[in-house]
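Asker: Structure of the sequence below:
(2 chains)
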Protein chains: 2
Amino acid sequence: MDVPSGQPAAVPTPEPGDPRLARLSLNQATVKYWNLTQAVDGCLRAGLPAIGTWREPVAEMGLAKAAALLRRAGLRVSSHCRGGFLTGPDRAAALEDNRRAVDEAAELGAPCLVMVVGGMPDGERDLVGIRERVADGIAELAPYALERGVQLALEPLHPMFCADRAVLSTLGQALDLAERFDAAAVGVVVDAYHVWWDPQVWEQIARAGAGGRIASFQACDWELPIPADALLGRGMVGDGHADVRALRRAVDAAGYDGDIEVEIFNERIWSADGDDVIATLARRHVQHVL
Amino acid sequence: MDVPSGQPAAVPTPEPGDPRLARLSLNQATVKYWNLTQAVDGCLRAGLPAIGTWREPVAEMGLAKAAALLRRAGLRVSSHCRGGFLTGPDRAAALEDNRRAVDEAAELGAPCLVMVVGGMPDGERDLVGIRERVADGIAELAPYALERGVQLALEPLHPMFCADRAVLSTLGQALDLAERFDAAAVGVVVDAYHVWWDPQVWEQIARAGAGGRIASFQACDWELPIPADALLGRGMVGDGHADVRALRRAVDAAGYDGDIEVEIFNERIWSADGDDVIATLARRHVQHVL
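Answerer: Next comes the predicted model:
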């Protein structure tokens, strides 16, 4: 992870206060085995100004306490993860759970709730119909989110996850759905890992920016081989095949000036020392993203 | 494979001469451990009228002998697999190899040569540039193929294979490239496994049909979990998540009346008895494709 073979030696780790860290946010999932206190302390030690929170560690601490901790630390909350999973049989429960997630995002001061919309229920093959079910769910949730000042951030996932995690598979498709609603209510996530391969990604990023729909930009890389658990194949930017810098330039050119969140699911990275992980991602940010 | 759990009992295996087998073709890769003689004999025993050949087993037998065997057997050759791999450093060698593959397809009487265009060379991240390299290669090969009456069949692969196998990732992208050339020279493959997730697949199939660009339709299913070797996750139609019948209807509605080729890379299926495999795919064809 630190200096992968074939890569040039890493740049020096930027110090706290370095302006190049001004937009860098640690998504909590990148340091999965840290609790929220540890993750916040890690950000502060490294000089990261922002964090992306997850529901489980926030619940573990208690929402009010978590919100107070984040305020005290002076960290921006770049996003709250995650809502969605709107395709299953218990629609009412899913909607209610999403309303709670919106409430949490509001209390934490997160501008958006990341939505992983859900996959195909067992035995169902009507993908068009399942996708419309997602749209119906978003229509239910959008006014609720808007009232609370939280943007629902629809995350297109790599098509590899269409059957089991998210039937939203491209940025264009996510925008087709988002544009049915007020931009303040529904936006999109541009996650390099999920969209880097898409021949239409450049025009769709421009479209998303023009509509004020880019809720979040996430940076991580596509590594090969795909591991046994396909979810865990993400890599540090620079270790894989995605042109993350080109995507960052494109979102910037489209008017996005928000945080650049690093979200990596990878057992090897999870097992490493959290401070080392943050130092590495800060170097990679300078070297491969800015 | 025969009667997967949760599936209704299979229909009876259609007998040779059953009109429902009239468009069913066995891609040789589905019975990987059979040589060409065995595959041809298997098709004849089961009453399949067509076969999709691969270069390696054809070369093993010798091209002239293979062509004679296929003619004698009275089997249509639905496609020849495969050309492509145009993104590597030795462009001249790749083009020359593709010309040989076109020659083979012509001699075998295959209407098309399936093209898996190649992935991203090590260390390269400029996907836009790599895709243009593919276009340049197709431009070199198209006149050669046209002269020999072989259509280059551009196969968009699932985006999961963008980095390592084919930078052609969607049907729309394949058509954007194909449409730079005469339809008789360059068409596309619609492989259910690769395109089922695509929100634009329906309009792109219609576009492909309208332009006379559907060179081949391939049927197999998307199974989960993705196996350790991601290439081998294809399943018998009916065992996975893809709506293959809807795709077959769409290609038919778009004017395609060619063969429906079954190409499955799956170690479990390769290890099974070849006659059983063909019987199963014939039942699945009746049950889930027609």
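Asker: contacts, neighbours, all on C-alpha from now
Answerer: Noted.
Asker: Can you report how many residues lie near residue A:155?
Answerer: 29 (other Cα atoms under 10 Å in any protein chain shown).
Asker: sorry, that was for residue A:88
Answerer: Neighbours of residue A:88 using other Cα under 10 Å come to 17.
Asker: what's the answer for residue A:177, then?
Answerer: 21.
Asker: could you say which helix or strand contains the closest residue to it other than its chain neighbours?
Answerer: Take residue A:177 and drop its neighbours on the chain: the residue closest to it by Cα to Cα, 6 or more residues apart in numbering or on different chains is residue A:135, 6.6 Å away. Using DSSP states H and E, residue A:135 maps to helix A:127-147.
Asker: Please name every helix or strand in contact with that helix.
Answerer: helix A:91-108, strand A:151-154 (3 or more Cα pairs under 8 Å, 6 or more residues apart in numbering or on different chains; DSSP states H and E).
Asker: Would you check that residue A:196 makes contact with residue A:245?
Answerer: No. With contact defined as Cα atoms under 8 Å, residue A:196 does not count as touching residue A:245 (10.7 Å).
Asker: and the two? which has more neighbours close in?
Answerer: Neighbour totals were compared for residue A:196 and residue A:245, and residue A:196 leads with 24 against 18 (other Cα under 10 Å).
Asker: circling back: could you give me the buried positions within the helix holding residue A:135?
Answerer: Using 16 or more other Cα atoms under 10 Å in any protein chain shown as the test for burial, helix A:127-147 gives A:127, A:130-131, A:133-135, A:137-139, A:141-146.
Asker: Phi, psi for the residue of the stretch 51-200 of chain A found nearest chain B please.
Answerer: Relative to chain B, the nearest point of the stretch 51-200 of chain A is residue A:125 (5.4 Å; Cα to the nearest Cα). Main-chain torsions, residue A:125, degrees, to the nearest 10: phi -120, psi 0.
Asker: hang on, the earlier thing: for residue B:209, which of the helices and strands packed on helix A:127-147 is the nearest?
Answerer: Among the helices and strands packed on helix A:127-147, the nearest to residue B:209 by Cα to Cα is strand A:151-154 (32.6 Å).
Asker: Parallel or antiparallel, list what pairs with that closest one.
Answerer: strand A:112-116 (parallel), strand A:186-191 (parallel) (DSSP bridges).
Asker: So what touches that strand?
Answerer: Residues from elsewhere that reach strand A:151-154 (Cα atoms under 8 Å, 6 or more residues apart in numbering or on different chains): A:111-117, A:142, A:145, A:174, A:178, A:183-189, A:215-216.
Asker: The residue nearest to residue A:177 against residue A:175, yeah?
Answerer: No. Between residue A:135 and residue A:175 there is no contact under Cα under 8 Å: 11.5 Å.
Asker: Who's the closest spatial neighbour of residue A:200, skipping the chain neighbours?
Answerer: Nearest to residue A:200 is residue A:172, by Cα to Cα, 6+ apart, at 7.7 Å.
Asker: For that neighbour, give me its contacts.
Answerer: A:200-201, A:204 are the contacts of residue A:172 under Cα under 8 Å, 6+ apart.
Asker: Now render those as JSON lines, adding neighbour count.
Answerer: Below are the contacts of residue A:172 laid out as JSON lines (neighbours: other Cα atoms under 10 Å in any protein chain shown):
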{"residue": "A:200", "neighbour count": "16"}
{"residue": "A:201", "neighbour count": "18"}
{"residue": "A:204", "neighbour count": "22"}
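Asker: distance of the nearest residue to residue A:196 once chain neighbours are set aside from residue B:287?
Answerer: Nearest residue to residue A:196, sequence neighbours excluded (Cα to Cα, 6+ apart): residue A:242, at 5.7 Å. As judged by Cα to Cα, to the nearest Å, residue A:242 and residue B:287 stand 41 Å apart.
Asker: Nearest to chain B: which residue in the stretch 101-250 of chain A?
Answerer: residue A:228 (4.9 Å).
Asker: show me what contacts that residue?
Answerer: Contacts of residue A:228 (Cα under 8 Å, 6+ apart): B:226-228.
Asker: And the residues you listed, which is closest to chain A?
Answerer: Minimum distance to chain A across those is 4.9 Å, recorded for residue B:228 (Cα to the nearest Cα).
Asker: Report the beta-bridge partners for residue A:186.
Answerer: With DSSP bridges as the rule, residue A:186 is bridged to residue A:152.
Asker: Hmm, it is touching residue A:214, no?
Answerer: No. Look at residue A:186 against residue A:214 with Cα under 8 Å: they stay out of range, at 9.5 Å.
Asker: Show the model's pLDDT score for the residue nearest to the spatial centre of chain A.
Answerer: Note on chain A: the residue nearest the mean C-alpha position is residue A:218, at 5.3 Å, using Cα atoms, centre = their mean. Note for residue A:218: predicted pLDDT of 97.
Asker: That one and residue A:153: what is the separation?
Answerer: Relative to residue A:153, and taking Cα to Cα, residue A:218 is found at 12 Å.
Asker: number of nearby residues for residue A:269?
Answerer: When neighbours are counted by other Cα under 10 Å, residue A:269 comes out with 20.
Asker: Model confidence at the closest residue to residue A:42 other than its chain neighbours, what's the number?
Answerer: Leaving aside its sequence neighbours, residue A:42 sits nearest to residue A:275 (Cα to Cα, 6+ apart; 6.2 Å). Predicted confidence (pLDDT) for residue A:275: 96.
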